[in-house]
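Peer 1: need a structure here:
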Amino acid sequence: MKNKILKLFPVLFAILLLVYVFYNNNRRETLLKKGETVYTLGTTTQLKSTSRSGLSIYYNFFLANDNKKIEARTFFDIKDAKKPYVFIKEKYIGKIFFVKYSKEKPIYSEIYFDKPVPDSLSNCTNCYWEKPPW
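Peer 2: Next up, the predicted model:
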């Protein structure tokens, strides 16, 4: 009996892990699409490449009203992903982009590489919008 339980443990653990990952991903999508969100400006800070997950871009932004800094990451899956690493780094790192985050759970965010920030906003430190500013 004990051997059966020990053999089933990895399977049960894997199932519970998949349910947890699915739940969190679904919750993230729900909060960003249907929940209360805020748009702000974020700055990309670094580009990392790993063999398992491909390219990741790290970025940070500040929350409205309490000025807390949030650091986030996104998988780089836009059209330029197949271009050389140096090109991507020069084009995207250290740049300012629009970011949308959930008011309820600010770690749930997404960055908009396809929406250029106008020069008039590039020095804006406390810019927040309830609706997309584009």
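
Peer 1: any idea which helix is longest in the protein?
Peer 2: helix 2-34 (DSSP state H).

Peer 1: note down every partner strand of the helix or strand just after that helix and its orientation.
Peer 2: Using DSSP states H and E, the helix or strand that follows helix 2-34 towards the C-terminus is strand 37-50. Counting by DSSP bridges, the strands paired with strand 37-50 are strand 54-62 (antiparallel), strand 96-102 (antiparallel), strand 128-129 (antiparallel).

Peer 1: identify all contacting residues around whatever helix or strand comes next after the second one.
Peer 2: Read in the C-terminal direction, the helix or strand following strand 96-102 is strand 109-116, with elements assigned using DSSP H and E. The set of residues external to strand 109-116 that reach it, using Cβ atoms under 8 Å, 6 or more residues apart in numbering, is 32, 42, 44, 57, 59, 61, 70, 72, 74, 78, 92, 97-102, 132, 134. Yep, even glycine has a C-beta here, placed from its N, CA and C like the rest.

Peer 1: S49 bridge partners, please.
Peer 2: L55.

Peer 1: so which of the strands paired with strand 37-50 is nearest A14?
Peer 2: strand 54-62 (23.2 Å; Cβ to Cβ).

Peer 1: tell me which residues of that closest one are tucked away?
Peer 2: 55, 57, 59, 61-62 (16 or more other Cβ atoms under 10 Å).

Peer 1: tell me which other helices or strands whichever helix or strand comes after it touches.
Peer 2: Going down the chain from strand 54-62, the next helix or strand is strand 69-75, by DSSP H and E. Contact here means 3 or more Cβ pairs under 8 Å, 6 or more residues apart in numbering; DSSP states H and E; on that basis strand 69-75 packs against strand 54-62, strand 109-116.

Peer 1: follow-up on the earlier one: got a PyMOL select line for the buried ones in the contacts of strand 109-116?
Peer 2: Filtering those down to the buried ones (16+ other Cβ under 10 Å) takes a single PyMOL command:
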select buried, resi 32+42+44+57+59+61+70+72+74+92+97+98+99+100+101+102
